[in-house]
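Visitor: predicted model follows, preceded by the sequence.
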Amino acid sequence: MHRHIATISYLLAVTAVMLILIFHLVPAVFAGLTVYVLTLKLARHFPKNMNRIAHKVALGVVVTCVITCLTSAGAAIWSFVGSSFGIAALLSTVVDTLGSLRHTLPDSIADILPTTIEDLREQLMALLGDHVQKISVAGMESLKIFAHILLGMVVGGMAAVHHFNTHDTAPPLTGALRSRLRNLTTAFDKVVFAQVKISALNTVLTALYLLVALPLFGVHLPMATILVLLTFAVGMLPVVGNLVSNTLIFIISLGVSPAVGVASLLFLVLIHKAEYFMNARIVGNEVQATAWELLSAMLLLEAVFGVVGLVAAPVVYAWLKAEVKEQQMI
């Protein structure tokens, strides 16, 4: 009987994950899990002698603060992306740099390089596929995604409050489903927050190079501050995120001078190798997975579900591996 209940819980959990990926609900689920995990982490610091009412009030305050901070951070990022000093300006700088490089490159390579921002956008869409339009839509679609994220935060906060009200005794299926949720939350905690540490360290090293080391030698890279912020943002994607920021830094550095381009390339190679080491030590040790395992999962889910699969792959793989290890199958 116990085996049948566990099997049903696994089927329900896998079905839920598939539906989340199919209907592009990953932003909402990640927002909810973030609020849930942060609330539980902060709640551990509550005094143990708090009465029931005070504990609920404290939890409500924590949930409200977490949602407010996350919403404010998201609004600031969105404002930055849409500003004249954001991504549009960065793309314009990249196009200008590529335009200046066209005169020094062979014709076979120069003909491939974009000459306008629209050409660059079209080439990026051709590389990443039609799903780029889905993550850059505006208007009602953006409002719907924002509403999903807010709703996910609220659900995550309510789940965190309910977490402390649950009793040890529960129906068998409910207990099994809670176990699946607990493993998923643990996987999310390990992967996402470990990746935040990696991205933060990578960003600090990049900032030291772009904002300190290069100016000491009289080199001021265009859009250096934007590149630092972008490094942290795309660094949230394991392994592949660094390739985006590294490529932009190298192109803009090459536009300043070949020597700066070579110096940036050497620096980025060192950083890239360091990130592999950090992934192996931090993320890999946390979820007992190597870089090639995470990359394989990311490639597979991206091919099936697009960008949402790429983003969710590390968490989904870590969760599935934890479930398999719990059953002592590996």
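Guide: Received, thanks.
Visitor: check contacts around Ser245.
Guide: Each residue near Ser245 by CB atoms under 8 Å, 6 or more residues apart in numbering is listed here: 206, 227, 230-231, 234-235. (Glycine included, C-beta is placed from N, CA and C.)
Visitor: check what pLDDT the residue nearest to Val62 when sequence neighbours are not counted gets.
Guide: Nearest non-adjacent residue to Val62, counting by CB to CB, 6 or more residues apart in numbering: Leu42, 5.0 Å away. Here, the pLDDT recorded for Leu42 equals 88.
Visitor: with just CA atoms, put the helix or strand that contains Leu42 into PDB.
Guide: Assessed by DSSP states H and E, Leu42 sits inside helix 26-43. The C-alpha coordinates for helix 26-43 follow below in PDB (Å, rounded to 0.1, in the frame of the first residue of the first chain):
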ATOM      1  CA  VAL A  26       8.200  28.700 -14.300                       C
ATOM      2  CA  PRO A  27       8.500  32.500 -13.300                       C
ATOM      3  CA  ALA A  28       5.500  32.200 -11.000                       C
ATOM      4  CA  VAL A  29       6.700  28.900  -9.500                       C
ATOM      5  CA  PHE A  30      10.300  30.200  -9.000                       C
ATOM      6  CA  ALA A  31       8.900  33.400  -7.400                       C
ATOM      7  CA  GLY A  32       6.800  31.400  -5.100                       C
ATOM      8  CA  LEU A  33       9.600  29.100  -4.100                       C
ATOM      9  CA  THR A  34      11.900  32.100  -3.500                       C
ATOM     10  CA  VAL A  35       9.400  33.600  -1.100                       C
ATOM     11  CA  TYR A  36       8.800  30.200   0.600                       C
ATOM     12  CA  VAL A  37      12.500  29.400   1.000                       C
ATOM     13  CA  LEU A  38      13.500  32.900   2.200                       C
ATOM     14  CA  THR A  39      10.600  33.000   4.700                       C
ATOM     15  CA  LEU A  40      11.600  29.700   6.200                       C
ATOM     16  CA  LYS A  41      15.200  30.800   6.400                       C
ATOM     17  CA  LEU A  42      14.300  34.000   8.200                       C
ATOM     18  CA  ALA A  43      11.800  32.300  10.400                       C
END
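Visitor: okay, buried residues for it please.
Guide: Residues of helix 26-43 classed as buried: 26-40, 42-43 (neighbour count, 16 or more other CB atoms under 10 Å).
Visitor: which residues touch that helix?
Guide: By CB under 8 Å, 6+ apart, helix 26-43 touches 20, 58-59, 62-63, 66-67, 70, 145, 148-153, 155-157, 159-161, 163-164, 184-185, 188-189, 192-193, 308, 311-312.
Visitor: would you list every one of the strands in the stretch 151-300 of the chain?
Guide: In the stretch 151-300 of the chain, no segments count as strands under DSSP state E, counting those that start in this stretch.
Visitor: okay, the nearest residue to Val155 once chain neighbours are set aside: pLDDT?
Guide: Using CB to CB, 6+ apart and skipping the chain neighbours, the partner closest in space to Val155 is Gly32 (4.9 Å). We have a pLDDT of 93 for Gly32.
Visitor: flag every buried residue along whatever helix or strand comes next after the helix holding Leu42.
Guide: Of the helices and strands lying after helix 26-43 in sequence (DSSP H and E), the nearest is helix 52-82. Neighbour-count burial for helix 52-82, counted by 16+ other CB under 10 Å, picks out 55, 58-59, 62-63, 66-67, 70, 74.
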